[in-house]
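K.L.:
Got a predicted model here, sequence first, then my questions.
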Amino acid sequence: MNPDRQRLLEHVTFKTSRSGGKGGQHVNKVSSKVEVILNIPDAEFLAADEKALLMSKLAHRLDNGGNLHVVAQEDRSQLANKETAIEKLQLLIANALKVEKPRKPTKVPKAVIRKRLENKQSTALKKEMRKRPRLY
């Protein structure tokens, strides 16, 4: 289940700070970098199995308290960075909640194996015919 934007916004906290990059003197005055923090164990809109799946798949992105941090600082405006961070968070959650189908192992067909061996044999014969004939 992908969480809708409104329910997601009820459970996230925003942190702003000064961003690096382009902007000149403006960068030194304005806090345009936005960090969105979602505490996965406290997120009520997620089921228990979804929380467990997120905790396992996103373990490398979580801190000790189970908080998921997403940072955006690409734009000069705080509002644009806030929107970008929310979209990143939604995409991250949606991708982590996707359950992939298990792969069914298949065998290589005998006709394909036979054709490959015949091709190898014909290539070997072609190269053998290029050699100088041996005199006994």
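P.N.:
Yep, that arrived.

K.L.:
tell me the secondary structure for P41?
P.N.:
The three-state label given to P41 by DSSP: H, G, I helix; E, B strand; the rest coil is coil.

K.L.:
what's the neighbour count on it?
P.N.:
By the measure other C-beta atoms under 10 Å, the count of residues near P41 is 12. Heads up, the C-betas are built off the backbone N, CA and C, glycines and all.

K.L.:
do the same with T106
P.N.:
Taking other C-beta under 10 Å as the neighbour definition, T106 ends up with a count of 6.

K.L.:
Likewise for L54?
P.N.:
The burial metric for L54, expressed as a neighbour count using other C-beta under 10 Å, is 23.

K.L.:
so who does it touch?
P.N.:
Taking C-beta atoms under 8 Å, 6 or more residues apart in numbering as the definition of contact, the neighbours of L54 are 40, 46, 68, 93, 96-97.

K.L.:
So which of these are in strands?
P.N.:
With DSSP state E as the criterion, strands contain L68 from among the contacts of L54.

K.L.:
which residues of this structure fall in strands?
P.N.:
According to DSSP E, the chain carries its strands in the segments 12-17, 33-39, 67-72.

K.L.:
Looking at those strands, which one is packed in the most?
P.N.:
With neighbours taken as mean count of other C-beta atoms under 10 Å, these reach their highest mean count in strand 33-39, at a mean of 20.
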